[in-house]
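Trainee: generate a structure from the sequence data that follows.
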Amino acid sequence: VMLGRIIEQIEGRPFHQVLTPRLIQRLGLKDTKALAPQEQPPGLAQPHPSKLTDEPVEDSVPTTPYAAGNVVATAADMVEFWHALLGGKLLKPETVRDQFQRLYPMFDNSRYYGRGVMLYDAPDKDGRRLTWLGHSGGSPGFKAIVAYSVDRQAFVAVALNNDGSAEATANLLLRALDQEP
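Mentor: You can find the predicted model right below:
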C-alpha cells in the first residue's frame, strides 16, 4: 500500500492509471485490469463460501488490498505476466534473480517470500520436494496463484472464488502433467 502511495505521488496520478500503460498494455494483456478504488468490474466472479455451512461472503470489494492486489486477470494472462517477469521482459534478469536472493519463511516451512515473489517447496505424490517460483494471495472469498514449476518446466495459474487452496489446486494441475502419455 505504501509503495502504491509513493508511486501516485511521483507520477501525479492514481495507481491503477500508472499500472495500466506500464504493465498491462506493455505486455498486451487483454484480460487484465488494474482497478480503481471501489471499482466492481462487470463479469468478475463473485466470492462464495468454501463450504455450504459457511456464512456467505458479504461486501467483497476486489480493490480492498489497494496496490497489494487491485489487479484482476484471467489465468492465461496471469501466466503471460509471470512468463514475462521471469523472462526478463519487465525487469533486468539480474533484478529478477535478486528478487529470489533473500527469502523469508512465511506461514509454514514450504513457502518463502522475497521482493514481490515467493518460492514454494511443494511435495509431489511420491514425497519428493518440488520447487515453484511464483506468487499467491487472496482476500475473503478469493484465492489465486501463478507459478513456474522448475522441476516440471511448466507454468500454472489458478484463481478461485472461494477460500479453497489455490496452491493445492495448482499442485493437482501440475501432477496431471505426469499423467500425459
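
Trainee: show the pLDDT at Met106.
Mentor: Note on Met106: pLDDT of 88.

Trainee: can you list the neighbours in contact with stretch 169-181?
Mentor: 122, 124-125, 130, 132, 145, 147, 149, 152, 154, 156-158, 160 (C-beta atoms under 8 Å, 6 or more residues apart in numbering). Where C-beta positions appear, they are placed from N, C-alpha and C, glycine not excepted.

Trainee: can you say which of those are buried?
Mentor: 122, 130, 132, 145, 147, 149, 152, 156-158, 160 (16 or more other C-beta atoms under 10 Å).

Trainee: closest to Glu80 out of those residues?
Mentor: Using C-beta to C-beta, Ala157 is the member of the buried ones among the contacts of stretch 169-181 that lies nearest Glu80, at 9.2 Å.

Trainee: after the helix or strand containing the closest one, which helix or strand is next?
Mentor: For Ala157, the element it lies in under DSSP states H and E is strand 154-160. Of the helices and strands lying after strand 154-160 in sequence (DSSP H and E), the nearest is helix 166-179.

Trainee: so where do the helices sit in the chain?
Mentor: Along the chain, the stretches classed as helices by DSSP state H are 2-11, 15-19, 26-27, 75-86, 93-99, 166-179.

Trainee: the third one packs against which elements?
Mentor: In terms of contact count using 3 or more C-beta pairs under 8 Å, 6 or more residues apart in numbering; DSSP states H and E, helix 26-27 is assigned the packing partners helix 75-86.
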